[in-house]
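please find the sequence and the predicted model below.
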Number of protein chains: 2
Amino acid sequence: MEGTEQVDAPVSGKAESILAAATRTFLADGFGAVSMDTIAREAGVSKATVYSHFTGKEELFGAMVGRVCERHFETFSARELDPTDVRTSLTTLGRRFLDLVLSPDAIAVHRIIVAEVSRFPALGEVFWRAGPERTLGQIEAFLRRAVAAGSLEIAQPRIAAEQFVGLIRGENHLRHLLRLGPESDKSDIGDAVRVGVETFIRAFRVRAG
Amino acid sequence: MEGTEQVDAPVSGKAESILAAATRTFLADGFGAVSMDTIAREAGVSKATVYSHFTGKEELFGAMVGRVCERHFETFSARELDPTDVRTSLTTLGRRFLDLVLSPDAIAVHRIIVAEVSRFPALGEVFWRAGPERTLGQIEAFLRRAVAAGSLEIAQPRIAAEQFVGLIRGENHLRHLLRLGPESDKSDIGDAVRVGVETFIRAFRVRAG
DNA sequence: GTCTATACAGTGATAGAC
DNA sequence: GTCTATCACTGTATAGAC
């Protein structure tokens, strides 16, 4: 197992547990509220060991964000969806999208990035490319296939993809970010997706005659 | 002028300048990065004076958020729009909405609230009621008038209002939050509104026959 | 109410022994 | 490489004079 680390993964097991501890604590409490002492204790090592593996708090933070973004969004795909059955495919797509962006991990990452992008300007770009850009690209590609199959009429698929995510998201994302209400449960998510898909199809369906 | 303070405004002039200083610094740098020393210096008073007017940093922060939310969103209105000319009215509405949520102040408030809602759970509710709920209510009311005037066909105006803001917003809000690119200028905002309104109208226009 | 001065806790980061 | 002990520093909060 010693030779099978993933790319970018630290060689040492201690570095790995430090990064894991940093991920847990940063995501839970943000950058400012977490101390290097806490991370060291949580990782079961001394503070000096943390500094021997990472230049400082900022580098540790950046490493954690990059990794979480990559791992979290890389699963999103629309490649296998059927472009001739747009209602079913868009519903699946919308469901995947909402499940992804409303997941506790994604909410935590979003929260911390938005808060710290002023301190770490590079973070915005990293997150955008790992998350939203990737999902938008997948959705746009599917819409192009649907247009080619004659299932939809869309002049600007890129913009339509952005409208699709906006439509599906509504204020659900914001409600989660604000920790409102009894966390819209699974059935609410299903409703939001269904009604969003219906609206999208009404706007972009192929016009009769 | 001494007797014309607005409701909720502190009686003392110093308290007012403390709150103003807190607003500037908190919005610029977030909760954690701002010290009471900075606020005192910025307000031109001593630190002890700050503590004489506010229990501590947290109360000062809460007071600032409540006030900024109220003052910022209370201008949004859709009451005077013509429900028979939906394209023009929705474009105006969408434009007002985007101008509001993409303004530097709104972005700063959003950023700081999303970041600190874990520490101050009440903040989410305060923000939601002062901002999104109010704008959604205005939009919903306009949509109901448009339906009554026979200009649109909408079964659930509340949900349609949420879809409208999602459609107009797309990823523009996120791009601003992440500080990406050369800050989509005014013409981009205009395009986003126009194309969003077109899509909304295609989905909810009155069907012929 | 307002100020100056200060006690106190906790932070990021490092030195030196093993 | 890893630890314990400690550095210099910053921010919160309070005491006491005016």
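Arrived safely, thanks for sending.

for A:Pro157, list the residues it contacts.
Contact analysis of A:Pro157 by CB atoms under 8 Å, 6 or more residues apart in numbering or on different chains lists A:140, A:143-144, A:147. Bear in mind the C-beta positions are built from the backbone N, C-alpha and C, glycine included.

between those, which sits nearest A:Gly56?
Among these, A:Glu140 lies closest to A:Gly56 (CB to CB), at 39.3 Å.

does that closest one lie in a helix or a strand, and which?
helix A:132-148 (DSSP states H and E).

what is that helix packed up against?
Counting contacts by 3 or more CB pairs under 8 Å, 6 or more residues apart in numbering or on different chains; DSSP states H and E, helix A:132-148 is packed against helix A:86-102, helix A:157-169.

what packs against the helix or strand harbouring A:Arg71?
Secondary structure from DSSP H and E places A:Arg71 in helix A:57-73. With contacts taken as 3+ CB pairs under 8 Å, 6+ apart, helix A:57-73 sits against helix A:13-29, helix A:104-116, helix A:122-130.

which among the ones you listed is found nearest to B:Phe54?
helix A:104-116 (23.0 Å).

and the contacts of the closest one?
Helix A:104-116 has contacts (CB under 8 Å, 6+ apart) with A:26-28, A:30-31, A:61, A:65, A:68-69, A:72, A:100-101, A:123-124, A:127, A:131, A:176-177, B:30, B:110-112, B:114-115, B:118, B:177-178.

picking that back up, what's the farthest-apart pair in the contacts of A:Pro157?
That would be A:Glu140 and A:Val147, which, of the contacts of A:Pro157, are the farthest apart (CB to CB) at 10.5 Å.

and the gap between A:Ser151 and DNA strand D?
56 Å (CB to the nearest atom of the strand, to the nearest Å).

actually A:Pro121, not the one I wrote
Distance of A:Pro121 to DNA strand D, computed by CB to the nearest atom of the strand: 21 Å.

that residue contacts B:Leu180, doesn't it?
No: contact criterion CB atoms under 8 Å: A:Pro121 and B:Leu180 do not qualify, at 10.0 Å.

so between the two, which is more surrounded?
B:Leu180 (20 against 12; other CB atoms under 10 Å in any protein chain shown).

for A:Thr199, which non-adjacent residue is closest in space?
With CB to CB, 6 or more residues apart in numbering or on different chains as the criterion, A:Thr199 has its nearest non-adjacent residue at 4.7 Å, and that residue is B:Ala203.

is chain B within reach of stretch A:119-127?
Yes: contact between stretch A:119-127 and chain B, assessed by CB under 8 Å from any CB of the partner chain, occurs at A:119, A:121, A:123-125, A:127.

what angle separates the longest helix along chain A from helix A:86-102?
Identified as the longest helix of chain A according to DSSP state H is helix A:186-204. Angular relation of helix A:186-204 and helix A:86-102 on a 0 to 180 degree scale: 130 degrees, by axes from the mean of the first three to the mean of the last three CA atoms, to 10 degrees.

show me what helix A:186-204 is packed up against.
When contacts are defined as 3+ CB pairs under 8 Å, 6+ apart, helix A:186-204 packs onto helix A:86-102, helix A:157-169, helix A:172-177, helix B:157-169, helix B:186-204.

I figured A:Leu60 was touching A:Val50, is that so?
Yes: between A:Leu60 and A:Val50 there is a contact at 7.4 Å, judged by CB under 8 Å.

quickly list what's touching both of those two.
Residues touching both A:Leu60 and A:Val50 by CB under 8 Å, 6+ apart: A:18, A:39.

neighbours around the closest residue to A:Arg169 other than its chain neighbours, how many?
Take A:Arg169 and drop its neighbours on the chain: the residue closest to it by CB to CB, 6+ apart is B:Gly166, 5.5 Å away. Neighbourhood size, B:Gly166 [other CB under 10 Å]: 26.

distance of B:Gly166 from B:Gly94?
11 Å (CB to CB, to the nearest Å).

same check on A:Val195?
Counting by CB to CB, the gap from A:Val195 to B:Gly94 is 20 Å.

with neighbour numbers in mind, choose between these two.
B:Gly94 (25 against 20).

right, and the more buried one touches B:Asp191 too?
No: the pair B:Gly94 / B:Asp191 is not scored as a contact, 11.2 Å apart, by CB under 8 Å.

quick one: terminal-to-terminal distance for stretch A:39-50?
End-to-end span of stretch A:39-50 (CA to CA, to the nearest Å): 8 Å.

show me which residues of chain A sit near DNA strand C.
Taking CB under 7 Å from any atom of the strand as the criterion, the neighbours of DNA strand C within chain A are A:34-38, A:47-48, A:51, A:56-58.

what subset of these is buried?
Buried by 16 or more other CB atoms under 10 Å in any protein chain shown: A:34, A:38, A:57, out of those.

contacts only, for the last one.
Okay, so that is A:Lys57. So A:Lys57 contacts A:31, A:36 (CB under 8 Å, 6+ apart).

cool, the second one as well?
Shown here is A:Thr38, whose contacts under the criterion CB under 8 Å, 6+ apart are A:Thr25.

what's the answer for A:Ala78, then?
Residues near A:Ala78 by CB under 8 Å, 6+ apart: A:89, A:93, A:96, A:138-139, A:141-142.

check A:Thr92 too.
By CB under 8 Å, 6+ apart, A:Thr92 lies in contact with A:Leu81.

so how far is chain B from it?
Counting by CB to the nearest CB, to the nearest Å, the gap between A:Thr92 and chain B amounts to 19 Å.
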